[in-house]
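>>> I would like the atomic coordinates for the input below:
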Amino acid sequence: MKNISIGLIGLGNIGTGVVKLLQQNEKLIAQKLGAKLVLKKIADINITSPRGVKIPKNLFTTDAREILNDPEISIVIELMGGYEPARTFVLEAIKNGKHVVTANKAMLATYGNEIFPAAQKKGVDIGFEASVGGTIPIIKTLKESLVANKINSIVGIMNGTCNFILTKMTDEGKPFDVVLKEAQQLGFAEADPTFDIEGTDTSHKMAIVLSLAYGKKVNLKDIYLEGITKISGEDIAFARELGYRIKLLAIGRLKGNAVEARIHPTMISSGHLLANVNRNYNAFHLVGDASGPVFLFGQGAGMMPTASSVFSDILDSARNVMKGISGRVPLRSINETGMKDINLIPMDNIETKYYFRFSVLDRPGVLSKISGILGENNISLATVIQKAREEAGPVPIVMTTYKAKEKDVRKALKKIDKLDIVRDKTILIRIEDEL
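Next comes the predicted model:
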């Protein structure tokens, strides 16, 4: 049986999972591949800390270039994360004619327009299934399973940390800061959770998904982004009363020759499949013009679920090594030379439904003043909820709208928030009833 040598850069949580899975299922993997995968070298800055898996000491190095410059290593697995030196190492691996497998969404979302063309030109493959959705095969679904489809829409819950927090706030009534600490204790959130709770992690994944769905180059900065830090228990309670649950959604829609792309907290019907994806799970709801609706669900993170996706790419590359081929499936759905910039619809031009929560003084004429300004800006009301408070102070007024343009909504709220009857900045949450 032929041996195929691989090298691993980064022995953190996911890297350890890859080693563990190779050891655990070595015979099964060899049987399915028809060759033996040999882990020849592991590079990490820390080669002394225990990882809970037995690894011969002679496999370790602190110099990644022992892997990158080894002619016997055919596949480089980059699991160190971050931008640099990951980008440099990946480009060096490509230059040296090695296939690359990575879970590094930040690197691909930021430098993909440099990395993918370089790989195609050199004739090597890049596997990145684990970069989006953990164990969910969203990359292969878009590149292969739905290849004949025009993707009309793709909506996803792409961050397990945010989904865990919103689930706990909704089902247990706990405040944001308490649930965040719990998520950190359970390992669902980083010590610095900013990338997750502000939506940056989701934007990286969304950029990758959009490039595959529409065969276009995506500028990360052009995707509208809003995190979950402003969501309160009060809004979750009102959402429940209105028949909704709040999720951090990444929404992509094809509109003629342009694409709508946005990430923000969203109210969706409590009966929708996405509304019932809870805790740290991820999910994707796609609609192809031929396939119709497709729903993918699974663990969006974690050592072994992500390692499972990494191995999907390792075996794809290993099969190509055995056949002496590459590029059978285009890296980003179409040939890199045909990749053009995506035409994203400006957020101001988006039309959807809205939820507003105003904090106002309990005086006569308040409703008429607010509704009047909304009407002046072409915003029609669907529901109004006003509840009296026993204690003195501002009272909440909740309104939902029919479809309105984002630009008009922003203009109206700017004027409303300047009224002397309004005590706090208006809370805005978008509503999606047509997923």
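>>> Please make it C-alpha for all contacts and neighbour counts, starting now.
Fine.
>>> what's the distance between Lys403 and Asn257?
Plainly put, Lys403 is 22 Å away from Asn257 if you go by CA to CA, to the nearest Å.
>>> Neighbour count: these two, which is higher?
Shown here are Lys403 and Asn257; by other CA atoms under 10 Å, Lys403 has more neighbours (18 against 9).
>>> Sticking with the residue sitting furthest away from the middle of the chain, tell me its helix or strand.
Residue farthest from the centre of the chain, counting by CA atoms, centre = their mean, is Pro364 at 45.6 Å. For Pro364, there is no enclosing helix or strand under DSSP states H and E.
>>> what does the one 10 residues further on give?
Using DSSP H and E, the element containing Leu374 is helix 366-376.
>>> likewise Arg253?
Going by DSSP H and E, Arg253 is part of strand 244-255.
>>> Identify the neighbouring strands of that strand in the sheet and state each direction.
With DSSP bridges as the test, strand 244-255 is paired with strand 151-157 (antiparallel), strand 258-269 (antiparallel).
>>> Tell me how far the last one lies from the chain's centre.
This means strand 258-269. Relative to the centre of its chain, strand 258-269 is centred 13 Å away, using CA atoms, centre = their mean, to the nearest Å.
>>> What residues sit buried inside it?
Buried residues in strand 258-269, defined by neighbour count with 16 or more other CA atoms under 10 Å: 259-269.
>>> For these, give me JSON lines that also has distance to Ala64 and pLDDT.
Formatted as JSON lines, the buried residues of strand 258-269 follow (distance: CA to CA, whole Å; pLDDT from 0 to 100):
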{"residue": "Val259", "distance to Ala64": "40", "pLDDT": "97"}
{"residue": "Glu260", "distance to Ala64": "40", "pLDDT": "96"}
{"residue": "Ala261", "distance to Ala64": "37", "pLDDT": "97"}
{"residue": "Arg262", "distance to Ala64": "37", "pLDDT": "98"}
{"residue": "Ile263", "distance to Ala64": "36", "pLDDT": "98"}
{"residue": "His264", "distance to Ala64": "38", "pLDDT": "98"}
{"residue": "Pro265", "distance to Ala64": "40", "pLDDT": "98"}
{"residue": "Thr266", "distance to Ala64": "43", "pLDDT": "98"}
{"residue": "Met267", "distance to Ala64": "46", "pLDDT": "98"}
{"residue": "Ile268", "distance to Ala64": "46", "pLDDT": "98"}
{"residue": "Ser269", "distance to Ala64": "49", "pLDDT": "97"}
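>>> Using CSV, lay out those together with distance to Ile223.
Formatted as CSV, these follow (distance: CA to CA, whole Å):
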residue, distance to Ile223
Val259, 10
Glu260, 9
Ala261, 6
Arg262, 6
Ile263, 7
His264, 11
Pro265, 14
Thr266, 16
Met267, 19
Ile268, 21
Ser269, 24
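>>> which residue ranges form the helices in the protein?
Under the criterion DSSP state H, helices of the chain are mapped to 13-24, 26-33, 65-68, 86-95, 105-122, 138-140, 160-172, 176-185, 194-197, 200-214, 233-241, 303-323, 366-376, 406-416.
>>> Which strands or helices does the last one pack on?
Counting contacts by 3 or more CA pairs under 8 Å, 6 or more residues apart in numbering; DSSP states H and E, helix 406-416 is packed against helix 366-376.
>>> One more pass at 10 Å, please.
Counting contacts by 3 or more CA pairs under 10 Å, 6 or more residues apart in numbering; DSSP states H and E, helix 406-416 packs against strand 351-360, helix 366-376, strand 427-432.
>>> Relative to Gly252, which of the ones you listed is closest?
Among the helices and strands packed on helix 406-416, strand 427-432 comes nearest to Gly252, with 12.3 Å by CA to CA.
>>> Partner strands of the closest one, with direction?
Take DSSP bridges as the rule and strand 427-432 pairs in its sheet with strand 258-269 (parallel), strand 351-360 (antiparallel).
>>> Please save the CA atoms from the helix holding Leu374 in PDB.
The C-alpha trace of helix 366-376 is given here as PDB (Å, rounded to 0.1, in the frame of the first residue of the first chain):
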ATOM      1  CA  VAL A 366     -46.700  60.200  21.700                       C
ATOM      2  CA  LEU A 367     -48.000  57.500  19.300                       C
ATOM      3  CA  SER A 368     -49.200  60.000  16.800                       C
ATOM      4  CA  LYS A 369     -45.900  61.900  16.700                       C
ATOM      5  CA  ILE A 370     -43.900  58.700  16.100                       C
ATOM      6  CA  SER A 371     -46.300  57.100  13.600                       C
ATOM      7  CA  GLY A 372     -46.500  60.500  11.800                       C
ATOM      8  CA  ILE A 373     -42.700  60.600  11.200                       C
ATOM      9  CA  LEU A 374     -42.700  57.000  10.100                       C
ATOM     10  CA  GLY A 375     -45.500  57.700   7.700                       C
ATOM     11  CA  GLU A 376     -43.700  60.700   6.300                       C
END
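>>> Quick check: mean pLDDT of that helix?
In this model, helix 366-376 has a mean pLDDT of 95.
>>> Next up, the contacts around Lys95.
Taking CA atoms under 10 Å, 6 or more residues apart in numbering, we find Lys95 in contact with 68, 89, 118-119, 121-124.
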